[in-house]
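S.K.: Predicted structure and sequence below. I'll ask about it afterward.
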Amino acid sequence: MVEATRASVVGRERESEVVAAALAAGRNLLLEGPPGTGKTTLLRALAAGAGVGLVLVEGNAELTPARLVGHHDPSRVLTEDYRPDNFVPGPLCRAMTEGSLLYVEELNRVPEETLNVLLGVLSEREMHIPRYGVVPAAATFRLVAAMNPYDAVGTARVSPALYDRSCRVALGYQDEDIEAAIVARMAPGPANLVSRSVRAVRMTREHPDLRIGSSVRGAIDIVLVASELAAVRGEAALSERTGLDAARTALSGKVTVQEGCPRSVDEIIEEIWGKADPGKR
């Protein structure tokens, strides 16, 4: 299973091994880390390597128990009453039946009543659905949930009972060389542009005027936009103006300015882009 990750995941050897071992041991998992740290990519690769399906669910306040579990088709209920064959399985029901991994993103944005449904399934490995019956979990069914640990906006504290029924793996940002390798794979471009873009993105994570910095996706977008913008402007070599415009375009929506900061996001990005120039270090 771990071998399958090497073709699609740069780095993450330790995390791949730990996640694979936990899943093979029959454990459910909580993956904690900021956006853009490869949680979904890693899990897709591991699921493919193990030959099991992956059912993806976006966690948010609208994820009700009915949306997660499934529901009876209202139009058929009107004519047939409630019957097992007019039940429409939701992602949880499908994953349990197929023996797939149920991957819930942003678990700490999910309503408590929906989390309680998941807790029941993790405890009993079966689910009773009114007017449908009992759905047992296939042997390979696992819950894998991802959480962003630091963005508290719209999130709630996850119950200790859920932690108790799961194993936790933390995925932080990788080192600069690994992130440069990721960008070079996803957005081939001049080496100096790749390294400067990665350096700028890493600086956003520590800048005092920014509450949230960018993931490596910001560097990928800088390289892609800068290359196309240089072509639009007919530049044989990337100009400083074009690089800055690409950085503003790629990063301004991916970072969050501290409340009360008098500077605009574009001003902060211009400062960071200038400092990321290796010739000015």
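M.R.: Received the coordinates, thanks.
S.K.: For the residue nearest to Val216 when sequence neighbours are not counted, identify the helix or strand it belongs to.
M.R.: Take Val216 and drop its neighbours on the chain: the residue closest to it by CB to CB, 6 or more residues apart in numbering is Glu179, 4.9 Å away. Glycine gets a C-beta too; all of them are placed from N, C-alpha and C. Assessed by DSSP states H and E, Glu179 sits inside helix 176-186.
S.K.: helix or strand right after that helix?
M.R.: helix 191-204.
S.K.: circling back: C-alpha coordinates for the helix holding Glu179, CSV please?
M.R.: Coordinates of each C-alpha in helix 176-186 appear next as CSV, following Å, rounded to 0.1, in the frame of the first residue of the first chain:
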residue,chain,number,x,y,z
GLU,A,176,11.5,23.9,1.7
ASP,A,177,13.2,21.3,-0.5
ILE,A,178,10.2,19.0,-0.5
GLU,A,179,7.8,21.9,-1.3
ALA,A,180,10.0,23.0,-4.2
ALA,A,181,9.9,19.4,-5.5
ILE,A,182,6.1,19.4,-5.3
VAL,A,183,5.9,22.7,-7.2
ALA,A,184,8.4,21.6,-9.8
ARG,A,185,6.3,18.5,-10.4
MET,A,186,3.0,20.3,-10.6
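S.K.: can you pull out the helices in this protein?
M.R.: Secondary structure of the chain by DSSP state H: the helices cover 13-24, 39-50, 65-69, 74-80, 91-98, 112-124, 160-164, 176-186, 191-204, 216-232, 240-251, 265-275.
S.K.: Tell me which residues of the helix holding Glu179 come out buried.
M.R.: Residues 178-180, 182-184 are the ones in helix 176-186 that count as buried (16 or more other CB atoms under 10 Å).
S.K.: How about stretch 101-112?
M.R.: 101-111.
S.K.: low-confidence ranges in the stretch 151-281 of the chain?
M.R.: 151-157, 279-281 (pLDDT under 70).
S.K.: per-domain residue ranges of this structure.
M.R.: 2-170, 176-280 (automatic domain parsing).
S.K.: Minimum distance to Leu143: which of the helices of the chain has it?
M.R.: Closest approach to Leu143 among these (CB to CB): helix 112-124, 6.2 Å.
S.K.: Can you pull out the residues in contact with that closest one?
M.R.: 28, 63-65, 68-69, 92, 96, 104, 107, 127, 137, 143, 156, 158-159, 161-162, 165-166 (CB atoms under 8 Å, 6 or more residues apart in numbering).
S.K.: Sort out which residues of it are buried, please.
M.R.: 114-115, 117-119, 121-122.
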